[in-house]
Each structure stands twice: as C-alpha cells, then as structure tokens.
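[1] need the 3D shape of this:
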Amino acid sequence: QVQLVESGGGLVQPGGSLRLSCATSGFTLDRYVIGWFRQAPGKEREALLCISSSDSTTYYAESVKDRFTGSRDNAKNTVYLQMNSLKPEDTAVYHCATDLSWGGACSLFGYGMDYYGKGTQVTVSS
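    As a prediction, this is how the structure comes out:
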C-alpha cells in the first residue's frame, strides 16, 4: 500500500525558508518518480517539481525554479522540499506524490500523479 506522509509545514515570514519532508512506504522509492505539488484555496493544484528515479534529475516549474530544491534519500525512504525566499503567494497546502506507471522518468511532469499524501500547510505571512 503506497503511503506518503508530509511534515514540516508552518508559518514563516516572507523571505524565510522551510524544509518539508515526505516519508514514503509501500513502494521502492529509488525506482519511481517523486513529485511535489501545492494547492492554494480556490486555485487548481500546481505541479512544482519532479525528481526522476534514474538519475535524480529534478525538473522545476518556473514559479519555483531557483528558490525551491527537491531531493531524495532513498536509504531513508524520504524526500525533501527545501523552500527559500518564500513569498506570500507560496501559501498553500503542499503534497508529495508518486506515480508507479511513469517508469521512473519525469516526461509527464505537469500532469497529476496517482498517489498523494494528505499534505502540510505552509503559510507565508508577516
């Protein structure tokens, strides 16, 4: 049973940083892609990044490129999202996700995935 559990969200001031974690289970992390998504109230879900399993290349949305960094620790079955220079418009619920049918590549980056965690709230406000 695929499970993803996010943690690390909270309230941060504009310009600050947060690191989110996602504990995974039920599948072999090093064989599959991992994505991070976010959804703000009244807005559609947004794909932020995708980490491939083959070479850990990470693909980023323009909205977070150069500010957010995705990483994975296969030994710990955990993935991370380091968020820097946070802005109020980054306020959202953040979800990690995976899709076992993508074959380890992020060629479908931008599309939804099959499995999501419940998410962790990030609020950027002074």
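[2] so residue 88 is in contact with residue 125, correct?
    Yes: the pair residue 88 and residue 125 qualifies as a contact (CB atoms under 8 Å) at a distance of 6.2 Å. To be clear about C-beta, it is placed using only N, CA and C from the backbone, and glycine gets the same treatment.
[3] overlap in contacts of these two?
    residue 14 (CB atoms under 8 Å, 6 or more residues apart in numbering).
[4] ok, now which ones touch residue 24?
    Contact partners of residue 24, counting by CB under 8 Å, 6+ apart, are 2-5, 34, 77-79, 96, 98.
[5] please redo it, this time with the cut-off set to 6 Å
    Taking CB atoms under 6 Å, 6 or more residues apart in numbering as the contact definition, residue 24 lies against 4, 77.
[6] what's across from it in the sheet?
    Under DSSP bridges, the beta-bridge partners of residue 24 are residue 4.
[7] what's the spacing between the closest residue to residue 10 other than its chain neighbours and residue 61?
    Closest residue to residue 10 apart from its sequence neighbours, by CB to CB, 6 or more residues apart in numbering: residue 18 at 6.7 Å. Using CB to CB, to the nearest Å, we find residue 18 at a distance of 17 Å from residue 61.
[8] what about those two, which has more around it?
    Using other CB atoms under 10 Å, the more surrounded residue of residue 18 and residue 61 is residue 18, with 20 against 17.
[9] quick check: which element contains the residue nearest the centre of the chain?
    Of all residues in the chain, the one closest to the mean position by CA atoms, centre = their mean is residue 36, 2.0 Å from it. Per DSSP states H and E: residue 36 is located in strand 34-39.
[10] how far away from the center of its chain is that strand?
    4 Å (CA atoms, centre = their mean, to the nearest Å).
[11] can I get that strand in CSV? Just the C-alpha atoms.
    The C-alpha trace of strand 34-39 is given here as CSV (Å, rounded to 0.1, in the frame of the first residue of the first chain):
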residue,chain,number,x,y,z
ILE,A,34,8.6,11.8,-6.8
GLY,A,35,6.7,15.0,-7.3
TRP,A,36,5.8,17.9,-5.1
PHE,A,37,2.5,19.8,-5.7
ARG,A,38,0.7,22.6,-3.9
GLN,A,39,-2.9,23.8,-3.8
